[in-house]
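> Return atomic coordinates for the entry below.
(one chain, ligands or ions: 2)
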Amino acid sequence: MAKLRAFSGIQPSGDLHLGNYLGAIRNWVLEQHDRENIFCVVDLHAITLPQDPKLLHKRIRDLAKIYIACGIDPESVAIFVQSHIKEHAELAWLFNCLTPIGWLNRMTQFKEKTGDRRDQSSAGLFVYPALMAADILLYQADGVPVGEDQKQHVELTRDIAEKFNREYAPVFKVPQPWIKEDGARVMALDDPTKKMSKSGGPNNLIYMLDDPDVIVKRIKRAVTDTGTTVVFDSQRPGLFNLLEIYLLLSKPGTTKEAVEEHFAGKGYGALKSELAELVVETLKPVQQKYHEISEDPNYIEEILKRGADRVRPIAARTLDDAKAAMGLG
Ligand code: ATP
Ligand code: LTN
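Ligands and ions are numbered 1, 2, ... in the order given. Next up, the predicted model:
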């Protein structure tokens, strides 16, 4: 039986953090051999907010290198840059014309990102979800492995696909959000009521490329409460978050009970130092591989070129079908 196709992407809008890893990339890696995978660096999404051109160019390459350093196999998986395939922007325009403003008005990410500065934000930020729908639907993906915060965008993608298929012709596969229960929402270290995020301030996250001593400091500073027992208590969100991260990074098959038993009689200090050690150990091989890959700048350029060459025909075919169905050209 043919494998299901996964499509996902991350914006090169900042350095990658543990939330991106646990909510997205780790699952891409774990399931890469069971699926056909297309993973994108969504640079056109990044420019919905102002970016420094030189830094953006570097971050695009760094993000692709991190995909590989985390264990994505570039021989079997297509890794490419969104702006290398013109079809994304073109299909996004068709979707802008198909998507009611009311659907976009409901998107919580737009509201969170703009707050009371809506009128100053770019039109691109508002139509961002139509571009995301184009990314996914161009490749006829069966599913989209993402963290919980992207669920609403994948649901909008489904709505757009269904509307197009109903009004014009059945061109698009309607994809599923593939969201794991575990790790889908890693919380900020300095405020466990918010998600860990690139745009959330310097004390909220652990970067994938942080040095070991920085990781230790960040975890030591993480907000907890005044309790003493180390148990999964949802009323103590700071502690809960640290324990969740600990569990996710522990050996496969480790249970919550086993973690609680391990920390019985120990305090928050022990949890923080053991967690820091676990994070450092997890990130060490990723960082090593990242630095190895970085020694030859041509390596990543080659991978990205090959990735784009592999996916371009799929994108071109879907766009042609969509344009024909709409009577364009
Ligand atoms: P920004 O702050 O710019 O929105 P971000 O840190 O939220 O960035 P994205 O580029 O939007 O990161 O997300 C990339 C992937 O990582 C998505 O699949 C998203 O769902 C996932 N992700 C982001 N933050 C978290 C988190 N805190 N917990 C779990 N998954 C996350
Ligand atoms: N909106 C996503 C990034 C993104 C994406 C996609 C994810 C853009 N296009 C297609 C999955 C599939 C985000 O902010 N994390």
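
> Enumerate the residues of the stretch 151-300 of the chain near ligand 1.
Taking Cβ under 6 Å from any ligand atom as the measure of proximity, the stretch 151-300 of the chain contacts ligand 1 at 184-186, 195-199. Just so you know, the C-beta spots here come from the backbone N, C-alpha and C atoms, and that holds for glycine as well.

> Let's see which of those end up in helices.
Within those, membership in helices is found for no residue, as judged by DSSP state H.

> Any of the residues you listed buried? List them.
Using 16 or more other Cβ atoms under 10 Å as the burial test, these include 184-186, 195-198 as buried.

> what's next to stretch 286-305, contact-wise?
41, 61, 64-66, 68-70, 74, 79-81, 84, 208-209 (Cβ atoms under 8 Å, 6 or more residues apart in numbering).

> any idea which of the residues you listed is closest to ligand 1?
Proximity to ligand 1 was ranked across the contacts of stretch 286-305 by Cβ to the nearest ligand atom; first place goes to Val41, at 10.2 Å.

> Return the set of buried residues in the lowest-mean-pLDDT helix or strand in the chain.
Lowest by mean pLDDT, DSSP states H and E among the helices and strands of the chain is helix 108-114, with a mean of 91. When burial is assessed from 16+ other Cβ under 10 Å, helix 108-114 yields the following buried residues: 110, 113.

> Does anything pack onto that helix? Which helices or strands?
helix 123-138, helix 151-167 (3 or more Cβ pairs under 8 Å, 6 or more residues apart in numbering; DSSP states H and E).

> ok, the residue nearest to Leu16 when sequence neighbours are not counted to Cys97 distance?
Nearest residue to Leu16, sequence neighbours excluded (Cβ to Cβ, 6 or more residues apart in numbering): Met208, at 4.6 Å. The span separating Met208 from Cys97 equals 38 Å under the rule Cβ to Cβ, to the nearest Å.

> Which of the two has more residues huddled nearby?
Shown here are Met208 and Cys97; by other Cβ atoms under 10 Å, Met208 has more neighbours (21 against 8).

> Isn't that one up against Leu63?
No - Met208 is not in contact with Leu63 according to Cβ atoms under 8 Å; the separation is 10.1 Å.

> Between these two, which contacts overlap?
Where contact means Cβ under 8 Å, 6+ apart, the residues bridging Met208 and Leu63 through contact with each are Leu16.

> Can you pull up the residues of the protein that come close to ligand 2?
Counting by Cβ under 6 Å from any ligand atom, the chain comes close to ligand 2 at 7-11, 42, 45, 132, 135-136, 144, 146, 150, 153.

> 8 Å instead?
7-11, 24, 40, 42, 45, 82, 109, 128-129, 131-132, 135-136, 144-147, 149-150, 153-154 (Cβ under 8 Å from any ligand atom).

> Got phi/psi on Phe39?
Main-chain dihedrals, Phe39, degrees, to the nearest 10: phi -120, psi 130.

> Revised request: answer the last question for Ser8.
Dihedral angles phi and psi of Ser8 (degrees, to the nearest 10) take the values phi -150, psi 170.

> Could you find the closest non-adjacent residue to it?
In space, Ser8 comes closest to Pro145 once its chain neighbours are excluded; the distance is 5.1 Å by Cβ to Cβ, 6+ apart.

> The one you found is in contact with Trp28, isn't it?
Yes - here Pro145 lies in contact with Trp28, judged by Cβ under 8 Å, at a distance of 5.8 Å.

> Can you pull the residues that touch both of the two?
6, 8.

> Compare these two and say which is more crowded by neighbours.
Pro145 (26 against 23).

> ok, now which ones touch the more buried one?
6, 8, 24, 27-28, 31, 178-179.

> let's see 7 Å
By Cβ atoms under 7 Å, 6 or more residues apart in numbering, the residues touching Pro145 are 6, 8, 24, 27-28, 178.

> pLDDT added to those residues, as a markdown table?
Formatted as a markdown table, the entries for these read as follows, by pLDDT from 0 to 100:
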| residue | pLDDT |
| --- | --- |
| Ala6 | 98 |
| Ser8 | 98 |
| Ala24 | 93 |
| Asn27 | 94 |
| Trp28 | 97 |
| Trp178 | 97 |
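
> which of the residues you listed lies closest to ligand 1?
Each of those was checked against ligand 1 using Cβ to the nearest ligand atom; the closest is Ala24, at 3.7 Å.

> measure that closest one to Pro12 for me?
Ala24 sits 14 Å away from Pro12 when distances are taken as Cβ to Cβ.

> Looking at the two, which is more packed in?
Counted by other Cβ under 10 Å, Ala24 and Pro12 do not tie: Pro12 has more neighbours, with 28 against 25.
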